[in-house]
Structure formats: structure tokens, C-alpha cells
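Student: Here is the input, now give the coordinates:
(2 chains)
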Amino acid sequence: MRGNSKREKNIGKIIFCVLFSFLLSVVLTIVSILAAIRIGFFNKELIFEYLDKVDFYSEVQQEVYKQISYEIVPTGLELNLIDETIPIEKVHNDVNGYIQACFDDVEYGIETAEIEDAMYKNIMDQFENMERQEDAGTQEHARRFISNIIEKYPDIIKFPYIKEFAGICTKMEPLLTMIMIAAAVMGIVCILFLLLLQRWKHRSLRYIIYAVLAAALMTVAVPAYLLIRKTYEGLGIRPVYLYNFCMEYIKASLLSFIWIGIGLLGSSVFLMIVVKLMKERLKKRKYR
Amino acid sequence: MRKNKRKRKINKIMAYFYMPLFFAILGYAIVAVTLSPVINTVIAAGSLVISTSGQDTDEVKSYYEGEVTVKQPKEGEKIPVEEIDFPYSGTKFGELTCDRIGLSAPVYNGDSDQILMNGAGKYLGSFLPGFGSTILIAGHDNLYFAELEKIQQDDIITFKTFYGIYQYKVTDIQVVEEAKQQEASHLDGEKEELVLYTCYPFYPTVYEKTQRYFVYADKISGPDVEWEETK
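Tutor: As a prediction, this is how the structure comes out:
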């Protein structure tokens, strides 16, 4: 009789430990996923890092030249009027400045006066080479023509959906922080219960290890599947340089989930070593 | 006793595998069941923006590499339309030449900005050679159609395609205002007519070119295509 009630008590203890361990795994998964989103998808610094890696700025520069040349060709003017009018440093500063402004939710004005002056000089040089005398009317028209075609530059710099994406990142960050804190508190409560439920603390640690391993599995499974299948490569993004950047950015963001999963796995291995040491210490104490 | 101890040890080690696996499966099952309407909506929305076929590039492609690939019919016979593989937009399918003036322009299906930088572009709403109707082709006056300035009546334009070689004799040359471009294109024509057009005047200017230079040429040789117009 006494034995039966002791067994029932033990089974009850195991059920509660499994329950709290499962809850802890869910909570750890939530914290891991949100942390991966913060250091991956919603990380502004990652955007700048990958813009550099995929040589985004020179692709933008080439795209600007290409779009402007479509406007120049029908006029019969030589395409060399745009040569070296848009320095790569300006493209770099404008792209980064615009992205930063989107995250800061402020307006970013793109200056084109220097580019227009350089193009105007090139047009006048072309007319000089053609030995054409241009009057004030033509000069004014040349200025108007240049300011029309240079409108392509800010349109290309302000690449689509970055403003909306930055808005989402900025709005979601406080919410993510709150959820992470709440989940962390719940996790601590689960750990406390696990420690209280078991007399021998190394047994509590074992349940914590199950939770950490499960969290690693749940965090890594879907991103690993997406990375292997490369489903995201089917996204229809134009132009090609923006597509290339998005692919690298998505891949890096998914990898952040994998890194966190590896971190959780490392933690569980560390805890396994701790459990082993605790058991050995107990054995030494028992046989003293 | 030793056997039991060993068995317990193995169970404890195996628990590090099956417990996390059980938790993971249970966790995903709970998410799948409770969030299935949301997940299905997300997957459906995702399939709208994700394509299973490869990424298309912006590059123009070539369907014609200088050879007539379809079997040429005898005199008086026609090419069945089923034998012609219609080119996609952005694909090169032929070449225009006029030896007297030095005209040589690759011809693409479509007339986007990118196509016109690489050659002449056939308006998608017009026909291919051999179909008995208007073939409307555009080009830039300072690139591939620069030589059109020198063209004259009775000049012969050769249009080589991947399915046949056609020749057209120039019948008329007109300069029209941009507003009258639609009418001047002869898109409702009932005979096979090659219509080439470009911006006018031919010299460089920062002013907008509001005139168009049209060259009309009637077919004089080349295989007809056997097809039926659907009504």
C-alpha cells in the first residue's frame, strides 16, 4: 500500500516534470526564434553588410546608367555624356543614407545638382565637337532635358519596399523584446518548478537538457528545410541585382536560426557534462 | 544486477534522443493544428509570389543564328503554321539587311527599350513575315536604323528569319507627326507590308523628336505561311 502510493507519487512527479520540460522547450523555442529574427531579418547592420558583399552599389550605378541611356539614345546624343557623372561613393552614400532614413522614419533628400552639372558640361562638349552653335534656348532645353532624365537616379536609389520593411522592423522590435522578456520569465518559472520537483538536482537538469535539445530541434527544422530546398530562390524580385542581394540576405537570416540552434546544442552538451560531474560528486559523497 | 544497471544507463542516454524528438513533434503538431488556417493562407499567398521555374534574366535571347531551320517548301507551296516555333518576347528571330545603304539589323520580337539597344524590335501586335499582313518594326535613328536616312524607293530589303528568307521592295517613305503614328503604322493592312519606322530628324538634339520616319515595302518573294485567322 505504502509502495503503491510512493509509485503514484513518483509517476505524478515524472508527469509534471515532463510537462514543465515541454513548456520550457516551447518557451526556449519562442525566445530562440525571436532572437534569430532580431539578429537576422530585422537587423539593419546585416543589410549594410550584405549590400557590400554582393557589390550592390556598382550594380545600382550600372542600372542608373542603363536607364538613363534609354532616354539619351532616342535623342541621337552620344552615350558618353553620362560617363563618370555618378561616382560610386555618391551611390554608396545615397543608398545607405536612404536605408538609414527609412529605419529612422525621416525623409532623405537625394541631391543631383552635381550630376546634372557634369552631364550639362558633357552635352555642351558634344555640341562643340559637332561644331554646332547653341543658343540660350537650346542651353535651357538641355538643362531641362537633363533634369528630366536624372529623375531616374532617385527612383532607382529608393528601391522598392525598403521603407515598408523598415517600418515593420521598427514597430515590431519593442513587441519582440516584450515577448522575449515574458517568455524568459516563464522559462525561469519552469526551471524553478523543475528544480523544486526533484530531490536530486542532476535529475532536474536532465529535464532541462531535454527542453534545450527540443528547442534546438524546433528552432532549426524549418529554416534548415528552407535552406536545403532553396524555396526562397523562386521569389520574383526585379531587378536582378536586388534579387541577388535579397537571396544573400535571406540566406544569412536563415543561417542565424541555425547558429542559435547550434548554440542551444552546445549548451545542452555543457549541461550534460555538468550532470555527469554532479552525479560523480554525489557518488563520492555516498561512499565517503 | 549489472545488466539492469547497464540497461538503465542506455535508457537514460536514449532519453536524450527520444524526449527532445517527442517534444519537437508534439510542439509542431500543436502549432499545425491551432494555426492551420493561418499556415494555409501563408502558403497560398507564398505560392503567388514564388515561382518553381528558374529566375528569368533581363537579357535578350537569340532564337536565330543565321540559318533557316524550317524545311523550305517548293515554289507555290506554303509552310504549315505548326512547323513554326513562335519566338517569345525578347528573342531574336531574324535579320534585316539592305546592301545598297549598308543596313544590317538583328530583329527581336517586341520593342522594349532593352531590345532597341540591341537591334530592331517587331511590334508584338503585328505579324511575322509570310502571314500576309503588316510587319511593324522599330529601331533607333542613331543605332541600327541610322542607314534608313539613305533609303530610296525601289530599294530591296531582305528579311532573313529562322523559317524563311523574304524580300521587300520599298514603295513609300513618309515623315509623320507622332500623333499620327498609329494611323501611319498600317496595322489594319490587308496585304503583306514591311513597315520600318524610327525617330526623325536623324541628327542629335536635346529637343524632343516629335516626328517619325516611316519606310513602307511590299513583299516580292518568300514562302507564305499556311494559317487560319480565328474569328
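
Student: what stretches of chain B score poorly on pLDDT?
Tutor: Counting by pLDDT under 70, chain B has low-confidence residues at B:1, B:52-71, B:229-231.

Student: Contact residues of it facing chain A?
Tutor: Where chain B comes near chain A, counting by CB under 8 Å from any CB of the partner chain, the residues are B:12, B:15-16, B:19-21, B:23-24, B:26-28, B:49-53, B:55, B:57-58, B:113-114, B:116-117, B:140-143, B:199, B:202-207, B:209. All C-beta spots, glycine's among them, are computed from the backbone N, C-alpha and C.

Student: Mind checking which of those are in helices?
Tutor: In helices, defined here by DSSP state H, the members of the residues of chain B next to chain A are B:12, B:15-16, B:19-21, B:23-24, B:26-28, B:49, B:113-114, B:116-117.

Student: Make a PyMOL selection of the buried ones in these.
Tutor: To isolate the buried ones among these in PyMOL, judged by 16 or more other CB atoms under 10 Å in any protein chain shown, type:
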select buried, chain B and resi 19+20+23+24+27+116+117
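
Student: Could you identify the most distant pair in the ones in helices among the residues of chain B next to chain A?
Tutor: B:12 and B:116 (73.9 Å; CB to CB).

Student: How is the chain partitioned into domains?
Tutor: Picked chain A for this. Following automatic domain parsing, chain A resolves into domains at A:2-45+A:174-280, A:50-157.

Student: that answer is for a different chain, and I need it for chain B
Tutor: Here the domain parsing of chain B from automatic domain parsing is B:2-49, B:61-226.

Student: tally of neighbours for residue A:277?
Tutor: By the criterion of other CB atoms under 10 Å in any protein chain shown, residue A:277 has 11 neighbours.

Student: how about low-confidence regions in the stretch 101-250 of chain A?
Tutor: Of all residues in the stretch 101-250 of chain A, those with pLDDT under 70 make up the ranges A:131-135.

Student: Around chain B, which positions in it sit nearby?
Tutor: Proximity of the stretch 101-250 of chain A to chain B, by CB under 8 Å from any CB, involves residues A:123, A:126, A:130, A:138, A:141-142, A:145, A:206, A:209-211, A:213-214, A:216-218, A:221, A:231-236, A:238-240, A:243.

Student: if we go to 6 Å?
Tutor: Residues of the stretch 101-250 of chain A lying close to chain B by CB under 6 Å from any CB of the partner chain are A:141, A:142, A:145, A:210, A:213, A:214, A:217, A:218, A:234, A:235, A:236.

Student: Now, of those residues, which are buried?
Tutor: Looks like those have A:141, A:142, A:145, A:210, A:213, A:214, A:217, A:218, A:234 buried, using 16+ other CB under 10 Å.

Student: Now intersect those residues with the helices, please.
Tutor: A:141, A:142, A:145, A:210, A:213, A:214, A:217, A:218.

Student: What is the most widely separated pair among those residues?
Tutor: Across those (CB to CB), the longest gap, 76.7 Å, separates A:141 and A:210.

Student: what about residue B:198, neighbour count?
Tutor: Close neighbours of residue B:198, defined as other CB under 10 Å, add up to 25.

Student: brain fart, residue A:126
Tutor: If you count neighbours by other CB under 10 Å, residue A:126 ends up with 17.

Student: who touches it in this structure?
Tutor: residue A:78 (CB atoms under 6 Å, 6 or more residues apart in numbering or on different chains).

Student: can you tell me which strand in chain B is longest?
Tutor: Secondary structure of chain B read by DSSP state E shows that its longest strand is strand B:164-177.

Student: Let me know the next secondary structure element after that one.
Tutor: helix B:181-184 (DSSP states H and E).

Student: Can you name every helix or strand that that following helix contacts?
Tutor: Judged by 3 or more CB pairs under 6 Å, 6 or more residues apart in numbering or on different chains; DSSP states H and E, helix B:181-184 is in contact with no other helix or strand.

Student: in that helix, what's buried?
Tutor: If you call a residue buried by 16+ other CB under 10 Å, then helix B:181-184 has these buried ones: residue B:184.

Student: Show me the contact partners of it.
Tutor: Residues outside helix B:181-184 that contact it (CB under 6 Å, 6+ apart): B:176, B:212, B:214.

Student: Need the residues you listed in CSV (columns: distance to residue B:77 and neighbour count).
Tutor: Listed next are the contacts of helix B:181-184 as CSV, based on distance: CB to CB, whole Å; neighbours: other CB atoms under 10 Å in any protein chain shown:
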residue, distance to residue B:77, neighbour count
B:176, 38, 17
B:212, 37, 21
B:214, 33, 21
